[in-house]
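Asks: what shape does this take:
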Amino acid sequence: MARSHGVRVDHLVTSGTFSLDGGTWEVDNNVWIVGDDAECVVIDAAHDADAIAAAVGDRTLLAIVSTHGHDDHIDAAPALSARTGAPVLLHPSDLMLWKQRHPETSPQGELADGQVITVAGTGLTVLHTPGHSPGAVCLHAPELGTVFSGDTLFQGGPGATGRSFSDFPTIIDSIRRRLLTLPPDTVVRTGHGDSTTIGAEAPHLDEWIARGH
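Replies: Below is the predicted model:
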């Protein structure tokens, strides 16, 4: 658990399904909560609004930040927003993915490259990292020595690019320019599975490129 000025990163895993292009798969998602004892933000409201709300507790939830619009990362977002009053934030390039899951609603706010979301005095900088989806973002918290990578970078390689609205050369470019330039000891907190570090993943870029072609 990382701490800076009383800020901590809480983690829970929720389970549900991911659906796209006519297929549905069982998935476990990482939900990250960044804040202190008074306020926090949720990164990716996946599957279980009740469990996420319980983890937030009596803290003020400032925002529900969506790393991208795939349904397993946003399916619980409207319910959590309704329950807490917190706005859902999503990069506008992924609105079409949001609408596939939530056609009657829209996020309350947009994410933009370079935007800083401040929680408990700590800044989360939005890095637009398209490839897994057009509006995919990562959130860099330099004070915490971490980046929340969504489905852009995992332990062992880039996120999947075999489905609609994804592109392999684009995700490789995003990782090369926006993530591998971060300090090597930066902890990568991913959308699924185990965390890693930038230093652990950077040497394998050429392998990923070879594997992707």
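
Asks: what's the end-to-end length of stretch 14-30?
Replies: Using C-alpha to C-alpha, to the nearest Å, the span of stretch 14-30 from its first residue to its last is 7 Å.

Asks: try stretch 141-149
Replies: Using C-alpha to C-alpha, the end-to-end distance of stretch 141-149 comes out at 11 Å.

Asks: which residues does that stretch contact?
Replies: By C-beta atoms under 8 Å, 6 or more residues apart in numbering, the residues outside stretch 141-149 that reach it are 2, 4-5, 7, 9, 32, 34, 43, 67, 122-125, 127, 129, 138-140, 179, 182-183, 185-191, 198. In short, each C-beta sits where N, CA and C put it, glycine included.

Asks: next, the buried residues of it.
Replies: A141, L144, T146, V147, F148, S149 (16 or more other C-beta atoms under 10 Å).

Asks: quick one: low-confidence parts of this protein?
Replies: 1-5, 213 (pLDDT under 70).

Asks: so which of the buried residues of stretch 141-149 are in helices?
Replies: Within those, no residue falls in helices by DSSP state H.

Asks: the contacts of stretch 141-149 in helices, which ones?
Replies: I198.

Asks: show the buried residues in the contacts of stretch 141-149.
Replies: 4, 7, 9, 32, 34, 43, 67, 122, 124-125, 127, 129, 138-140, 179, 182, 186-191, 198.

Asks: correct me, but T186 touches I198?
Replies: Yes: contact criterion C-beta atoms under 8 Å: T186 and I198 qualify, at 4.5 Å.
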